[in-house]
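In: this is the structure alone, sequence omitted:
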């Protein structure tokens, strides 16, 4: 049995991965709030941005945490196509959940359906990402911990969508995003504690890319996307601000007309 280390760089990767999850959640919540205050194409665009932010945040959290994952007695590589597929899965399932909430007429039903779909999708993303791991040995899982990680994912996703529907103030969004970041991180590390590795020593070269060759650059790129999108959302006026600006302009226009 190989010894598993989930923090080979100390607290750096857990802390950074938690920050990525929080940023993705906060950005997704703000975009969803904007979406629900609009209609038509604008709503769709805000929902797509929300889904991409949450999905990117979750995926980046997972693989930043995986940068600190090590197994004694074997190197670790990652299958590139499967890793990219896990990113697409994260974005697509989160998009489905966000759109269910954004367009659902029955809010309670949309929340339950969206939370279940998104939660199962997030869990699928995680285990698909784990399926991309290549090492000298056999990877198995503790079924009870796997089931618990899936439950946490569904509860976290449902809570995130509920927050998107019911929380509007920046302070409340910040608190909710911190809680959601903790929930996503808890799901990840619960799932990782389910991992068991039986190492088979070998001198053969492993297929795939190392974490630093592939995952680190991709995580940096996606993290940059989150920061840039956060700046865009922060600088974009809300529906209330646009209405206030329009109201302030009306007296000026009326005075000019007279």
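Out: Structure's in. What do you need? All of these numbers come straight from a predicted model, not from anything done at the bench.

In: quick one: secondary structure of the most centrally placed residue in the chain?
Out: Closest residue to the average C-alpha location of the chain: residue 58 at 2.1 Å, with Cα atoms, centre = their mean. Under DSSP: H, G, I helix; E, B strand; the rest coil, the three-state class of residue 58 is helix.

In: looks like it contacts residue 181 (just checking).
Out: No. Using Cβ atoms under 8 Å, residue 58 makes no contact with residue 181, being 9.9 Å away. The C-beta positions use only the backbone N, C-alpha and C, and glycine is treated the same way.

In: and for those two, which residues touch both?
Out: Common neighbours of residue 58 and residue 181 are listed as residue 21 (criterion: Cβ atoms under 8 Å, 6 or more residues apart in numbering).

In: least confident secondary structure element in this structure?
Out: helix 239-257 (a mean of 52; mean pLDDT, DSSP states H and E).

In: so who does the nearest residue in space to residue 134 that is not next to it in sequence touch?
Out: The shortest distance from residue 134 to any non-neighbouring residue, by Cβ to Cβ, 6 or more residues apart in numbering, is to residue 77 (4.2 Å). Going by Cβ under 8 Å, 6+ apart, residue 77 touches 133, 134, 135, 206, 207, 208, 209, 210.

In: which of those residues fall in strands?
Out: Among those, the members found in strands (DSSP state E) are 133, 134, 135.

In: for the second one, give me its contacts.
Out: This means residue 134. 76, 77, 78, 79, 206, 207, 208.

In: contacting residues around the third one?
Out: Right, residue 78. Contacts of residue 78 by Cβ under 8 Å, 6+ apart are 132, 133, 134, 208, 209, 210, 211, 214, 215.

In: how about it, phi and psi?
Out: As for residue 78, its main-chain torsions (degrees, to the nearest 10) stand at phi -130, psi 130.

In: mind pulling up the pLDDT for it?
Out: Residue 78 carries a pLDDT value of 91.

In: quick check: bridge partners of it?
Out: residue 133, residue 209 (DSSP bridges).

In: all strands of the stretch 51-200 of the chain, in order?
Out: 70-71, 76-78, 133-135, 137-141, 195-199 (DSSP state E, counting those that start in this stretch).
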